[in-house]
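Participant: sequence first, predicted coordinates after that:
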Amino acid sequence: MAQPSGNLSGNMQPPPPSGGRFSVDLQSLPTLSNLPSPLQIFQMVRNSLRPWIVFFNINNFKTAVSMQRLNNRILRNLSYFQANYVFIFFVLMIYCLITAPCILLVIVAAALGCHKLRVRNSNITVVGHQLTPNQQIIALNLATAPVLFLVGAGSVLFWTLGASCFVIAMHAIFYNIDAIVTEENEGFLAQVV
């Protein structure tokens with residue numbers, strides 16, 4: 001058996017003993033303050049939407065000549081119409097929430113509870129541990145997850161994902177993006193692919 005060549009020495013430190021019980025320091029968890037809010041995401045998507053007339057132009061729907069062109073077409077469509085595809089996903093998700101009133105009721109109740117906890121802004125003691133308002137909101141959302149599962153949010157989510165993937169894939173496969181390429185945006189599309 002050959003000996004490894006190179007320096008394999010190192011200094012590994014075992015983790016400190018936890019005292020025999022599982023403990024999590026919730027203060028050390030990363031903050032989510034640097035993530036955009038849902039309203040900011042909506043504004044970003046809305047600002048980068050391509051015209052719907054171009055998106056739904058039925059004269060541009062054609063089959064690809066070869067697999068290489070199909071692959072390029074899909075990649076270019078996904079990058080060019082990305083905001084439109086996100087918008088389609090949001091519309092399908094809103095449709096599912098409107099048609100499933102139990103899920104909508106649970107989400108509204110959780111949002112109202114989070115709002116009340118944020119406005120109250122006081123610590124509470126649970127089993128000898130102080131919980132900050134942020135920790136209370138996390139606990140409320142974690143408690144809401146099984147309730148959402150029981151009222152069918154999982155099936156709605158997967159239906160929305162499946163329907164979105166199908167619609168987006170059909171558009172990306174059959175929409176001939178070469179028909180709308182002009183000199184001004186040809187460079188942009190070439191860089192994306």
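Facilitator: That came through, no problem. Residues are numbered from 1 along each chain as shown.

Participant: helices or strands up against the helix ranked longest in the chain?
Facilitator: In the chain, with assignment by DSSP state H, the single longest helix is helix 153-174. Contacts defined by 3 or more C-beta pairs under 8 Å, 6 or more residues apart in numbering; DSSP states H and E place helix 153-174 against helix 67-80, helix 82-99, helix 101-120. In short, each C-beta sits where N, CA and C put it, glycine included.

Participant: need those helices in a markdown table with distance to F42, can you?
Facilitator: Below are these laid out as a markdown table (distance: least, C-beta to C-beta, whole Å):
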| stretch | distance to F42 |
| --- | --- |
| helix 67-80 | 20 |
| helix 82-99 | 8 |
| helix 101-120 | 16 |
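
Participant: which stretch among those helices comes nearest I137?
Facilitator: Among the helices and strands packed on helix 153-174, the nearest to I137 by C-beta to C-beta is helix 101-120 (5.0 Å).

Participant: run through who's touching that closest one.
Facilitator: 96-98, 133, 136-137, 140-141, 144, 147-148, 151-153, 156 (C-beta atoms under 8 Å, 6 or more residues apart in numbering).

Participant: at 7 Å what do you get?
Facilitator: Contacts with helix 101-120, where a contact means C-beta atoms under 7 Å, 6 or more residues apart in numbering, come from 97-98, 133, 136-137, 140-141, 144, 147-148, 151-153, 156.
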